[in-house]
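A.B. asks: For reference, the sequence and a predicted model appear below.
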Amino acid sequence: MTMSTKPFVSVIVPVYNEEYVLADCLTALQQQDYDGRYEIIVVNNACTDRSPAIARAVGVRVVDEPRKGYVHALRAGFAAALGEIIACTDADTLVPPDWLSRLVAGLTARPDVVAISGVFAFHDGPTWLRLAGRMVSHLNWGLAGGNMAMWRWAYQAVQGFDPTVNLGADRELGMRLRRLGQIVINRRLVASTSLRRFQVAFWPSLWRYLMNDLWLTLFHRPRFYAFPDIRLPPRRRLSTLKLSRAGALLTALLVAVLGLFIFSAEGPGAQIFGPVLARVRADQPVIALTFDDGPSSYTAQVLDILARYQVKATFFVIGRNVEQYPDLARRIVAEGHAIGNHTYSHPLWAAMETSRHVERELDRAATAIQAATGIVPTLFRPPHGWRSPWMIRLARSKGYEVVTWSVSPDDWQRPPSQVIVERVLRQARPGAIILLHDGLETKVGPPVQNTVAALPTIIEELQARGYRFVTIPELMPQSGIPSRFWIEYGYNVCEMPHKAFDDHIADANRIPSVCIRSLPESYMRLPNECVLSISIDHL
């Protein structure tokens, strides 16, 4: 895009008595590398200090909003904005020089994106608190007012901020924007902000944040209206948070537990919540291609490319999408690819759902897959890769091998195809599992064109390096995990997942309910498959 075609951007900064930090915030905004047009609007939200004068002195437009409250300041700023895109940050926040460029790139990357948000680092406070804040920020799942942007038309389509929601106004707006399209959470887009609120009132602030987000998620209304105002002049800025020894130990323990939980739930290779297959130690140059969120209107193109290069892959499909494209699901299996369960509807918080809800998602997806293909899936990949102990335990009890990945180019964020190629090649190792997407959740016409465009180059470059592509079941012998067990009784042969064997067959009392598909006598047993012959008396 040339400067004349790049969107005009308005940046809104709501301000209440921020004379000690506002100048630095505005300097960062005025030093953006964005080569399109943009304006900065400071909203004077009933200030009683020099904040409005500081903004005017550096040539920034100032809009007055006498009704005190974050949501009123936002509504006034957005109403005054002239840009096609409206971005927002806070007066105590410093954005990187490429902030606007990356926001615009994210919004214009594909037509279904209506808003984008980043995460935060922290430039003040004790080290332990900055680290804890960074970990919590990484969990961000919705719009964050200090680091976000959206299309003006989308904002207007949902009738803007709800004036009755002050604390959590950004989150509540994001919930409504999701009905229009995709909200991109770019965890590599980091703005630096202040921890002053947590330095002054750690536990009350933490409690208010958590409870308010919970109320918004469950009841679609806030629990609290606002935070107490905390403004610290330079000489009173706190460098340490004074806690009792017991309080410090408790806080450190909570931070450690939170960090461990985040790593275990989100880290693709973390095994603490239960065994997952993220990669294997391979003595041969083998590598597995996997595709998530299909089938979709692009799956046929992916299959054509794989057939052209004679490459087999593994597809983790969404049950609802299988119902929409049963012919593509059948083609996946017919062409020799492996197929796995990726839940029925790809729920955002699947890992936090109850076991009963997760079981319904797994069973409905398995039913859809079996109806379309005749295959009972024995591989499971959690949505987003997020896991919980009860999810892993449930999946394995139902005979699933839980599979994540070790190579991810974040193609769902639709970077250019060359970037996807470079990220895959940089991370590729023998025994690696590559995560790509042939769909995006349950969206119709998902924006995966760049992944399709990158796929031939990925295959060619890895083959040139000597790699051989395998499916997940073919990769599993390298990990020492048997991919299947066969039960032989009389003239019948039945296939069974290894976990079901562990749980139900060791005592030879009964065949598990998952052992429901009889196979012909001429079945072929692979080297990594175990066979158990049992007497007809045990049936």
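C.D. replies: That came through, no problem.

A.B. asks: show me where pLDDT drops low in this protein?
C.D. replies: Applying pLDDT under 70 to the chain flags the ranges 1-4, 128-129, 134-140, 201-203, 206, 209, 217-220, 224-267, 349, 477-539.

A.B. asks: what do you get if the cut-off is 50, keeping everything else the same?
C.D. replies: Applying pLDDT under 50 to the chain flags residues 1-2, 235-242, 480-539.

A.B. asks: Tell me the buried residues in the longest strand seen in the chain?
C.D. replies: The residue-count maximum for a strand in the chain (DSSP state E) belongs to strand 182-193. Residues 182, 183, 184, 185, 186, 189, 190, 191, 192, 193 are the ones in strand 182-193 that count as buried (16 or more other Cβ atoms under 10 Å). To be clear about C-beta, it is placed using only N, CA and C from the backbone, and glycine gets the same treatment.

A.B. asks: Report the contact partners of the third one.
C.D. replies: Yep, that's residue 184 we're talking about. 106, 107, 109, 113, 115, 116, 117, 413 (Cβ atoms under 8 Å, 6 or more residues apart in numbering).

A.B. asks: what's the answer for the last one, then?
C.D. replies: Applying Cβ under 8 Å, 6+ apart, we find residue 193 in contact with 90, 92, 93, 94, 120, 121, 122, 123, 146.

A.B. asks: which one of those residues is nearest residue 387?
C.D. replies: In terms of Cβ to Cβ, no member of the contacts of residue 193 lies closer to residue 387 than residue 120, at 24.7 Å.

A.B. asks: That closest one belongs to a strand?
C.D. replies: Yes: residue state for residue 120 (DSSP: H, G, I helix; E, B strand; the rest coil) corresponds to a strand.

A.B. asks: Report the beta-bridge partners for it.
C.D. replies: Beta-bridge partners for residue 120, by DSSP bridges, are residue 191.

A.B. asks: so where do the strands sit in the stretch 251-400 of the chain?
C.D. replies: 286-294, 314-317, 338-341, 379-380 (DSSP state E, counting those that start in this stretch).

A.B. asks: The ones you listed: which one's closest to residue 432?
C.D. replies: strand 286-294 (5.2 Å).

A.B. asks: Give the pairing partners of that closest one; include direction for each.
C.D. replies: Short version: by DSSP bridges, strand 286-294 pairs with strand 314-317 (parallel), strand 433-437 (parallel), strand 468-470 (parallel).

A.B. asks: Quick check: buried residues in it?
C.D. replies: 286, 287, 288, 289, 290, 291, 292, 293, 294.

A.B. asks: Ok, stretch 467-477 next?
C.D. replies: 467, 469, 470, 471, 472, 473, 474, 475, 476, 477.

A.B. asks: circling back: quick check: the two most widely separated of the contacts of residue 184?
C.D. replies: Longest span within these, Cβ to Cβ: 109 and 117, 14.4 Å.

A.B. asks: which of the two has more neighbours?
C.D. replies: Using other Cβ atoms under 10 Å as the criterion, residue 109 and residue 117 rank with residue 117 on top: 26 against 18.

A.B. asks: measure the more buried one to residue 170 for me?
C.D. replies: For residue 117, the distance to residue 170 (Cβ to Cβ, to the nearest Å) stands at 8 Å.

A.B. asks: Now list whatever residues contact both of these two.
C.D. replies: 142, 143, 144, 148.

A.B. asks: Now name the helix or strand holding the third one.
C.D. replies: Here residue 144 is covered by no helix or strand, with elements defined by DSSP states H and E.

A.B. asks: Tell me, how many residues neighbour it?
C.D. replies: The burial count for residue 144: 22, using other Cβ under 10 Å.

A.B. asks: Surely it is in contact with residue 120?
C.D. replies: Yes: counting by Cβ atoms under 8 Å, residue 120 is a contact partner of residue 144 at 7.1 Å.

A.B. asks: so who does the most centrally placed residue in the chain touch?
C.D. replies: Among the residues of the chain, the one closest to the centroid is residue 384, at 5.2 Å (Cα atoms, centre = their mean). Contacts for residue 384 (Cβ under 8 Å, 6+ apart) come out as 348, 350, 351.

A.B. asks: nearest residue to the second one other than its sequence neighbours?
C.D. replies: For residue 350, the nearest residue in space outside its immediate sequence neighbours is residue 383; the separation is 4.7 Å by Cβ to Cβ, 6 or more residues apart in numbering.

A.B. asks: Return the residues in contact with that neighbour.
C.D. replies: Residue 383 neighbours (Cβ under 8 Å, 6+ apart): 342, 343, 346, 347, 348, 350, 351.

A.B. asks: switch the cut-off to 10 Å
C.D. replies: 292-293, 316, 318, 342-343, 345-351, 361, 441 (Cβ atoms under 10 Å, 6 or more residues apart in numbering).

A.B. asks: How many neighbouring residues does residue 214 have?
C.D. replies: Count around residue 214 with other Cβ under 10 Å applied: 11.

A.B. asks: Excluding chain neighbours, what is closest to residue 29?
C.D. replies: Per Cβ to Cβ, 6+ apart, closest to residue 29 is residue 40, 5.3 Å.

A.B. asks: close enough to count as contact, the one you found and residue 55?
C.D. replies: Yes: contact criterion Cβ atoms under 10 Å: residue 40 and residue 55 qualify, at 8.3 Å.

A.B. asks: Next, find the distance separating the residue nearest to residue 29 from residue 26.
C.D. replies: Residue 40 is 7 Å from residue 26, by Cβ to Cβ.

A.B. asks: Pull up the overlap in contacts between these two.
C.D. replies: Common neighbours of residue 40 and residue 26 (Cβ under 10 Å, 6+ apart) are 11, 13, 55, 58, 59, 60.

A.B. asks: Could you look up the SS state of the closest residue to the fourth one other than its chain neighbours?
C.D. replies: With sequence-adjacent residues excluded and distances taken as Cβ to Cβ, 6+ apart, residue 58 is closest to residue 26, at 5.5 Å. At residue 26 the chain is in helix, as set by three-state DSSP.

A.B. asks: for the buried residues of stretch 467-477, which one is nearest residue 301?
C.D. replies: For the buried residues of stretch 467-477, with residue 301 as the reference and Cβ to Cβ as the criterion, the closest is residue 469, at 17.5 Å.

A.B. asks: Spit out the contact partners of that closest one.
C.D. replies: 286-289, 306, 309-313, 434, 459, 462-463, 475.

A.B. asks: mind putting the buried residues of strand 182-193 in TSV, distance to residue 450 included?
C.D. replies: Output for the buried residues of strand 182-193, formatted as TSV (distance: Cβ to Cβ, whole Å):
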residue	distance to residue 450
182	15
183	19
184	14
185	18
186	16
189	19
190	23
191	26
192	30
193	32
